[in-house]
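K.L.:
sequence? don't have it. structure:
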């Protein structure tokens, strides 16, 4: 694991019709042995090095990942998607454990003070997608975004409440339950429209209730995919799952469906862990795909 040089104050922005999306990094780009995250080898990474390097992989075959959030501005609302890892939280992986990170200050410099967020949405409830739901104040976990409604997929909540393996119970206790207790949570189902042009779509497999966010405006479409895909090599090798998918067969089918739709309809994918610009277009390559950065 190696953190790479990066300008964390560079905020990538995209415009989809009348809707704007901004990404804010929580951690610098980090290079990992691929086996830590996905079921691929360094050799398989290097087999596709002509388009994976240097944005998505190193010359040694390590994969480069981001940990970041996306903020959608649409319909007069600011929608925070996947609020990262969070500070002060005991976690099982050293990269994620007890962070002391100026993410909120960085978010404000990008133009989004925490009080200005109207909606918080987690694609799923893994450690690196819901941590900043809450912050530690005087020994208590309180909602980080006090003026927001927090949307949770109903099925994701149902499954999270009974999953006590690893960090799952702690994640629920410090990053979800305080939102419930504060009365800020709203349980929603796939198809839910947040504002015009922004809706949830079921993309299960990584977790049972995993949802992606479909953005449509002015004849253009983008999808914030969460963890449907972790790394671009999975476009070329769509059978390769992450080590954290709860149902690999369903995850593979979902990934193929999303990649095919994106390639066939010129849809931009905004991917939680993609390095580089994090936004890509998908191109068909035989019975698989490659990606091009936006």
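P.N.:
Okay, I see it. Computed from a prediction, not measured in an experiment: that's the story for all the values here.
K.L.:
low-scoring stretches of the stretch 51-200 of the chain, by residue?
P.N.:
The stretch 51-200 of the chain contains residues with pLDDT under 70 at 161-166.
K.L.:
helices of that one, start to end?
P.N.:
Counting by DSSP state H, counting those that start in this stretch, one finds helices in the stretch 51-200 of the chain at the ranges 103-109, 154-162, 168-171, 177-181.
K.L.:
among these, which comes closest to residue 282?
P.N.:
helix 154-162 (25.4 Å; Cβ to Cβ). Every residue, glycine included, has its C-beta placed from N, CA and C.
K.L.:
what's that closest one in contact with?
P.N.:
With contact meaning Cβ atoms under 8 Å, 6 or more residues apart in numbering, helix 154-162 is reached by 122, 124-125, 168, 171-172, 176, 187-189, 207-211.
K.L.:
which of the residues you listed are buried? Put it as a PyMOL command.
P.N.:
To isolate the buried members of the contacts of helix 154-162 in PyMOL, using 16 or more other Cβ atoms under 10 Å:
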select buried, resi 122+124+125+168+171+172+176+188+207+208+209+210+211
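K.L.:
which among the contacts of helix 154-162 gets closest to residue 229?
P.N.:
residue 210 (11.7 Å).
K.L.:
look up how far residue 245 lies from that closest one.
P.N.:
Distance of residue 210 to residue 245, computed by Cβ to Cβ, to the nearest Å: 9 Å.
K.L.:
check residue 91 too.
P.N.:
As judged by Cβ to Cβ, residue 91 and residue 245 stand 19 Å apart.
K.L.:
so which of the two has more stuff around it?
P.N.:
residue 245 (22 against 19; other Cβ atoms under 10 Å).
K.L.:
you'd agree that one is up against residue 203?
P.N.:
No - checked against Cβ atoms under 8 Å, the pair residue 245 and residue 203 is beyond contact range at 11.6 Å.
K.L.:
quick one: the strands in the stretch 51-200 of the chain?
P.N.:
Applying DSSP state E, counting those that start in this stretch to the stretch 51-200 of the chain gives strands spanning 63-65, 68-74, 77-81, 119-121, 134-137, 140-143, 149-153, 185-188, 193-195, 198-202.
K.L.:
in its sheet, which strands sit next to the longest one, and in what direction?
P.N.:
With DSSP bridges as the criterion, the sheet partners recorded for strand 68-74 are strand 19-25 (antiparallel), strand 77-81 (antiparallel).
K.L.:
dump these into a markdown table; add mean neighbour count as well.
P.N.:
Putting those into a markdown table (neighbours: other Cβ atoms under 10 Å) gives the following:
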| stretch | mean neighbour count |
| --- | --- |
| strand 19-25 | 22 |
| strand 77-81 | 23 |
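K.L.:
now distance to residue 137 too, for those, in CSV please.
P.N.:
Below are those laid out as CSV (distance: least, Cβ to Cβ, whole Å):
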stretch, distance to residue 137
strand 19-25, 21
strand 77-81, 19
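K.L.:
what's the closest of the strands of the stretch 51-200 of the chain to residue 278?
P.N.:
Of all these, strand 68-74 sits nearest to residue 278, with 6.6 Å by Cβ to Cβ.
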